[in-house]
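Peer 1: With the sequence up front, the predicted model follows.
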There are 2 protein chains.
Amino acid sequence: MIFDDAYFMREAIKEAEKAVEAGEVPVGAVMVYNDKIVARAHNQTELLNDVTAHAEILCITSVSASTGNKFLEDYSMYVTLEPCAMCAGAISWSRIGKLVFGASDQKAGFSNYSSDILHPKTALVSGVEAVRCSAILTEFFKERRRKI
Amino acid sequence: MIFDDAYFMREAIKEAEKAVEAGEVPVGAVMVYNDKIVARAHNQTELLNDVTAHAEILCITSVSASTGNKFLEDYSMYVTLEPCAMCAGAISWSRIGKLVFGASDQKAGFSNYSSDILHPKTALVSGVEAVRCSAILTEFFKERRRKI
C-alpha cells in the first residue's frame, strides 16, 4: 500500500459517500499524522443543525479534543472539496502543516476571497482525485433537484 | 433604557471582560433577537482547547442548538472585535441579519481578505464603542507581555 495523497483522498471520498447516505452535502475529510488516519469526518450540518459542522471543522476539533493539542503543525488534512472561508480560517488558526483538497469550489471556496486566509506555513496541494470528488457533489445536487 | 447598538455592544464588552478574568483573549459577543439578548459568549479557545471556540462561533452554535434554527436572518450579532475569516464565514453560512462590531482587526479581520465573505444580505455596522473594545485587547496583551 502506498500512502500517497491519492490514497488519503480516497479515504476522504469514503467519508463523502457516507454523507450522501445521510442526506448531507457530500464533503469528506480525513486528518493524517505520520501516515496514519487519526480523524475522519463528513459534513453534518443537517444532523447537528449547525452551519459550522463542516467536515474540516469536525476533523480539527476531533484531533484537538483527542490529543490536547490546539496547534496541528504535524498533521495533514485531506478534504474532497476546497474549504470555504470559514474552514480555511479554522485551518489557519490550527496551523495545519499540509492541506490537500480535491475539487475546487468556484462559488464558496476560500481562494475566491483570498489565498492568504491560509497560514503561510501550510503547504497546499489541490486537484487530487478532483474528478471523483466533484462527481459525488454533482450527482448529489442532481438527485436533490429531482426530489424537489 | 434605550436598546441601541451601543447598549448591546456594552453587553458584549462585559463578555470580553469575563474573558480577561479567564485568561482568554478578550473578545465578547452577544446575539440579539427582538431587542433581547438570547446568547452571550466570550472567546474560550484556551479553556476548550479549540481554535474554533471564538465568541462568534459559540454564539451561533448556542442559538442554533437552543432554537433548532440553523439560519438566523432575524438575529443581530454584536462582537467587540472585527470577526476573523473563520467567523465571518460562519456568520455568512448562518445568514445573520445584522453584524455590529467594535474595534477593527488590522491583522486577522475578515476585511483584510475580502468583505465579500459576509452574506450579501447581512447588514454591517462597525466602530461601535471601538475605543473601549480595543482598549481591553491592548491592555490584555500588554499585561501578557509583562508576565512572559
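Peer 2: The structure has been received and is ready for your questions. Numbering: from 1, shown residues only, chains lettered A, B, ... in the order given.

Peer 1: Spatially nearest residue to the residue nearest in space to the middle of chain A, not counting backbone neighbours?
Peer 2: Geometric centre of chain A, nearest residue: A:Val79, 2.8 Å, by C-alpha atoms, centre = their mean. Leaving aside its sequence neighbours, A:Val79 sits nearest to A:Ala29 (C-beta to C-beta, 6 or more residues apart in numbering or on different chains; 4.0 Å). All C-beta spots, glycine's among them, are computed from the backbone N, C-alpha and C.

Peer 1: neighbouring contacts of the strand or helix carrying the one you found?
Peer 2: A:Ala29 is part of strand A:28-33, with elements assigned from DSSP states H and E. Applying C-beta atoms under 8 Å, 6 or more residues apart in numbering or on different chains, the external contacts of strand A:28-33 come out as A:8, A:11-19, A:37-43, A:55-56, A:58-60, A:62-63, A:72, A:74-80.

Peer 1: hmm, try it at 6 Å
Peer 2: Contacts to strand A:28-33, defined as C-beta atoms under 6 Å, 6 or more residues apart in numbering or on different chains, come from residues A:8, A:11-12, A:15-16, A:37-42, A:55-56, A:59, A:63, A:75-80.

Peer 1: cool, stretch A:101-111 as well?
Peer 2: With C-beta under 6 Å, 6+ apart, stretch A:101-111 has contacts from A:9, A:79-85, A:88, A:117, A:126, A:128-130, A:133-134.

Peer 1: In helices, which of the residues you listed fall?
Peer 2: A:9, A:85, A:88, A:130, A:133-134 (DSSP state H).

Peer 1: buried subset of these?
Peer 2: Among the ones in helices among the contacts of stretch A:101-111, those scoring as buried are A:9, A:85, A:88, A:130, A:133-134 (criterion: 16 or more other C-beta atoms under 10 Å in any protein chain shown).

Peer 1: which SS state does the nearest residue to A:Ser115 once chain neighbours are set aside fall under?
Peer 2: Counting by C-beta to C-beta, 6+ apart, A:Leu124 is the residue found nearest to A:Ser115 once chain neighbours are left out, at 8.0 Å. Secondary structure for A:Leu124, judged by DSSP: H, G, I helix; E, B strand; the rest coil, is strand.

Peer 1: Pull the number of nearby residues for A:Leu124.
Peer 2: 12 (other C-beta atoms under 10 Å in any protein chain shown).

Peer 1: Next: A:Thr138.
Peer 2: 10.

Peer 1: What of A:His119?
Peer 2: Neighbours of A:His119 using other C-beta under 10 Å come to 17.

Peer 1: Enumerate every residue touching the nearest residue to it once chain neighbours are set aside.
Peer 2: Leaving aside its chain neighbours, A:His119 sits nearest to A:Ser92 (4.4 Å; criterion: C-beta to C-beta, 6+ apart). A:Ser92 sits next to A:117-119 when contact means C-beta under 6 Å, 6+ apart.

Peer 1: Right, I'll leave it there.
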